[in-house]
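Enquirer: take this sequence and fold it.
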Amino acid sequence: MTERFAGMGRKNAAGMAARLLGCALLLGALSAPVLPRPEDDRLGANGNGNSATKSEFAGLASLTLEENALILGRGKTAQERNAEIPLATGRKEVMRAFHAIPASANGYDAALQCLAQAVYYEAANEPLEGQRSVAQVVLNRVQHPAYPSSVCGVVYEGWNQPVCQFSFVCDGALTRAPVASLWRRSREVAAAALAGHVEPAVGTATHYHADYVLPRWAFTLAKVHRVGHHLFYRFPGKGGRSSSFTARWNGMERIPQLDFARFDQQAADLAMAVEEPVEPWLQPDPKDRRAENDVGGRMDPSKGWRLSIPDPVRASASYDAVVAGHQIAGGEPL
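Expert: Numbering: from 1, shown residues only. Next up, the predicted model:
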């Protein structure tokens, strides 16, 4: 993500345009959302921990869609504003160990593959705790009535629709072969999670995002933990309590057959739309994007652009270095 426009041909220019489209800042004033009220963070309306149903929490997923997926800030500004969002107070609940998929089960291999992919493509450069936290978020979703009741169902949610939950299944990242050593560790983390390892720090978190972006939904969920560059959130109120994680593994794990040709076609369509010289500032429809490395945002690659996740080996350890590498008209840094 540090290439410059100088000396770029049409092909490279189109690639750079795709990256900028995935990294464009939102312009204009945006009103600040309202933080969850303390009274909304209680055990529940009745406090009795009754079993949750899908219909009861059917609307929870909408908390991170549509306008709530807008990005309010990026870079240092986002990091500063993220730091101002306080951690949720009160007792942090720890999820029970996940033993729903024994190694002998028919769907185990597929579940392991899907979970390892999430760990690798979302957190390959994060510390071990951060990778375990991502795996915990996936398994938390498997157990929550608001989401699919299988590992692959959670990871690949929206894979055949314009909107997906994990961007790497929509943007062609899976066409890149994993780095052997990082992939091995991702599989180890995934296997440990399926064997019952619990990452207590993230508790009942079902969402996360990178600290160098600020999605609007960060103000609608309860912030519970930070590790590496990821901030973790749970649903406010009863939806985020452990008593609501009552869904059972449905026993069906399937890895979809992705049509990778559509990613190439999207890139080709974008290349035809880009004229030389490439404009250094491209702005997508803000309702058709979501923050990098978050879960629960909105991404729509059918609109002529796609998010580009950097290769974990080449990714910079410093976001400031990435920002400094980009220039906009007038010589001002992004």
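Enquirer: can you give me the strands for the stretch 1-150 of the chain?
Expert: Secondary structure of the stretch 1-150 of the chain (DSSP state E, counting those that start in this stretch): strands at 71-74.
Enquirer: any stretches of the stretch 101-250 of the chain with poor pLDDT?
Expert: Applying pLDDT under 70 to the stretch 101-250 of the chain flags residues 162.
Enquirer: tell me the helices in it, going along the chain?
Expert: With helices called from DSSP state H, counting those that start in this stretch, the stretch 101-250 of the chain shows them at 108-123, 128-142, 151-155, 180-194.
Enquirer: nearest to T204, of those helices?
Expert: helix 128-142 (6.1 Å; CB to CB). For the C-beta atoms, the positions are set from N, CA and C on the backbone; glycine is no exception.
Enquirer: in the closest one, what's buried?
Expert: 130-142 (16 or more other CB atoms under 10 Å).
Enquirer: end to end, how far does stretch 186-205 reach?
Expert: Taking CA to CA, to the nearest Å, the first and last residues of stretch 186-205 lie 20 Å apart.
Enquirer: scratch that, stretch 133-152
Expert: Per CA to CA, the first residue of stretch 133-152 is 17 Å away from its last.
Enquirer: quick revisit: reformat the helices of the stretch 101-250 of the chain as CSV; add distance to N82.
Expert: CSV is the format used below for these (distance: least, CB to CB, whole Å):
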stretch, distance to N82
helix 108-123, 18
helix 128-142, 16
helix 151-155, 25
helix 180-194, 25
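Enquirer: of all those helices, which lies closest to L60?
Expert: Across these, closest to L60 is helix 128-142 (CB to CB), at 10.8 Å.
Enquirer: tell me who's in contact with V137.
Expert: V137 makes contacts with V202, A205, T206, H207, Y208, F232, V295, as judged by CB atoms under 8 Å, 6 or more residues apart in numbering.
Enquirer: before we move on, what about V151?
Expert: Counting by CB under 8 Å, 6+ apart, V151 has contacts I101, A110, A111, C114, L115, V138, L139, V142, L194, E253.
Enquirer: any idea how many residues pack against the second one?
Expert: Spelled out, that is A110. 18 (other CB atoms under 10 Å).
Enquirer: what's the separation between it and V94?
Expert: 27 Å (CB to CB, to the nearest Å).
Enquirer: circling back to that earlier point, nearest to R74 among the contacts of V137?
Expert: Among those, and counting by CB to CB, the member closest to R74 is Y208, at 16.7 Å.
Enquirer: would you mind confirming that that closest one makes contact with G228?
Expert: No - using CB atoms under 8 Å, Y208 makes no contact with G228, being 10.2 Å away.
Enquirer: show me which of those two is the more surrounded one.
Expert: Ranked by neighbour count (other CB under 10 Å), Y208 and G228 place Y208 first, with 28 against 17.
Enquirer: what pairs with the more buried one across the strands?
Expert: F232 (DSSP bridges).
Enquirer: ok now do Y233, which residues does it touch?
Expert: Contacts of Y233 (CB under 8 Å, 6+ apart): A205, T206, H207, Y208, W217, A218, L221, A222, K223, V224.
Enquirer: quick one, strands of the stretch 151-300 of the chain?
Expert: Going by DSSP E, counting those that start in this stretch, the stretch 151-300 of the chain shows strands at 207-210, 213-215, 222-227, 230-234.
Enquirer: ok, now how distant is the closest residue to F260 other than its chain neighbours from E122?
Expert: Once flanking residues are discounted, F260 sits nearest to T175: 5.6 Å by CB to CB, 6 or more residues apart in numbering. Distance from T175 to E122, counting by CB to CB: 16 Å.
Enquirer: same check on P148?
Expert: 17 Å.
Enquirer: who's more crowded, those two?
Expert: Between P148 and E122, E122 has the larger neighbour count (other CB under 10 Å), namely 29 against 18.
Enquirer: not counting its neighbours along the chain, what's nearest the more buried one?
Expert: Nearest to E122 is V134, by CB to CB, 6+ apart, at 5.2 Å.
Enquirer: shouldn't the one you found be in contact with T206?
Expert: No - under the criterion of CB under 8 Å, V134 makes no contact with T206, lying 11.7 Å away.
Enquirer: near A218, how many other residues are there?
Expert: Neighbour tally, A218, other CB under 10 Å: 24.
Enquirer: wait, it sits on I85?
Expert: Yes - here A218 reaches I85: they are 6.1 Å apart, a contact under CB under 8 Å.
Enquirer: list phi and psi for P102.
Expert: Here is the backbone geometry of P102 (degrees, to the nearest 10): phi -70, psi 150.
Enquirer: was I right to think C114 contacts V155?
Expert: Yes - taking contacts as CB under 8 Å, C114 lies within contact range of V155: 4.5 Å.
Enquirer: which one's more surrounded, the two?
Expert: Between C114 and V155, counted using other CB under 10 Å, the more crowded position is V155 (29 against 26).
Enquirer: doesn't F166 make contact with that one?
Expert: Yes - using CB under 8 Å, V155 is in contact with F166, at 5.7 Å.
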